[in-house]
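K.L.:
sequence first, predicted model second:
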Amino acid sequence: MTDHYAVFGDPIKHSKSPRIHTLFAQQSQQDLDYVAQQVPAETFVTATNDFFANGGQGLNCTVPLKELAWQYADQLTERARLAKAVNTLAKQADGSILGDNTDGIGLVNDLIGNHQIQLAGKRILILGAGGATRGIILPLLDCQPAQISIANRTVSKAEALVADFAAQGRLTALGFEALAGQQFDVVLNATSASLSDQLPPLPADLLAANACCYDLAYGNQPTAFVKWGLAQGAAQSLDGLGMLVEQAAEAFFIWRGVSPATTDLIALLDTERQK
Ligand code: ATR
């Protein structure tokens, strides 16, 4: 019997998730379909109730629905609870709905697994203090970095976020101007600035020797932040295409108990966008 999966979001037209999950399913011989459905926030609860009532097994939720999905879930994993955002809903054997957030583990798996960028003992800087940052903190802390600093235009937002995670590990909040004179091994752009091709105000000399830059956003062209990293001499300056595939792989594992291979698919999607 074919199991049903979907991604809800608004907008959703350009989502790569149906393609990614369909290829995962073919590769691992899982009998499932996966569709994209445009669901505005106002109809999220009704659409999700209908989806699960009609045999849906698992759902991905993207912008602007991740907080609503967090509220919807009957149970939450620890990482989703702290992220206050859910990108994966899974129907359990008893009919209840589990909420998880696979964004952070997707990022970590791309950094470490695909790009050999180690995080243990490293100085990590996260730019931005919104939902994208919230989703990645716990998996990053689990990698035992030397420090995680969170720089945000609105410093009070970074401070509030650090306070929320105080029990999980040591985090520092600061404004962009306070970055002057500091150096980091890994700089992660989790601001939404990339979407409008903008760059947070970053000082020169922010990168330590062999530092890596990573933009959680991705596009057909290198983002402003990826270009900045290259211009600053980063050892690697990457965008979030790999994270997209890896967060999907983690969701697929939650639903199906099978870990799909990701390397060839990332390479394929990367080649396609260079055309
Ligand atoms: P998301 O869920 O994508 O994280 P969000 O919660 O709206 O979206 O957060 C957007 C983040 O990008 C915030 O940290 C925001 O900074 P402020 O909190 O000061 O608003 C940051 N951001 C957006 N545009 C930016 C820009 N041009 N320069 C620097 N930071 C920017």
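P.N.:
Perfect, I can see it now.
K.L.:
would residue 153 count as being in a strand?
P.N.:
No. Per DSSP: H, G, I helix; E, B strand; the rest coil, residue 153 lies outside any strand segment and is coil.
K.L.:
quickly note the distance from the residue nearest the centre of the chain to residue 49.
P.N.:
Ranked by distance to the mean C-alpha position of the chain (CA atoms, centre = their mean), the top residue is residue 103 at 3.1 Å. Look at residue 103 and residue 49: by CB to CB, to the nearest Å, they are 24 Å apart. C-betas here are computed from N, CA, C, even on glycine.
K.L.:
about what we covered before: what helix or strand is the nearest residue to the residue nearest to the centre of the chain once chain neighbours are set aside on?
P.N.:
Computed as CB to CB, 6 or more residues apart in numbering, the closest residue to residue 103 that is not its neighbour in sequence is residue 135, at 4.1 Å. Under the criterion DSSP states H and E, the helix or strand holding residue 135 is helix 131-141.
K.L.:
identify the residues contacting the residue in the stretch 51-200 of the chain positioned nearest to the ligand.
P.N.:
In the stretch 51-200 of the chain, the residue that lies nearest the ligand is residue 130 (2.0 Å; CB to the nearest ligand atom). Residues in contact with residue 130, defined by CB atoms under 8 Å, 6 or more residues apart in numbering, are 157, 190, 191, 192.
K.L.:
are whichever strand or helix holds residue 126 and the ligand in contact anywhere?
P.N.:
With secondary structure defined by DSSP H and E, residue 126 is part of strand 123-127. No. Using CB under 6 Å from any ligand atom, no contact is recorded between strand 123-127 and the ligand, whose separation bottoms out at 7.0 Å.
K.L.:
that strand pairs with which strands, parallel or anti?
P.N.:
The partner list of strand 123-127 in its sheet, established with DSSP bridges, is strand 147-151 (parallel), strand 184-189 (parallel).
K.L.:
just the CA trace of the first one, in PDB.
P.N.:
So the one you mean is strand 147-151. Backbone C-alpha positions of strand 147-151 (Å, rounded to 0.1, in the frame of the first residue of the first chain) are rendered in PDB as follows:
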ATOM      1  CA  GLN A 147      31.900  28.500  22.000                       C
ATOM      2  CA  ILE A 148      28.800  29.700  20.100                       C
ATOM      3  CA  SER A 149      28.300  33.400  19.700                       C
ATOM      4  CA  ILE A 150      25.100  34.800  18.300                       C
ATOM      5  CA  ALA A 151      25.300  38.200  16.600                       C
END
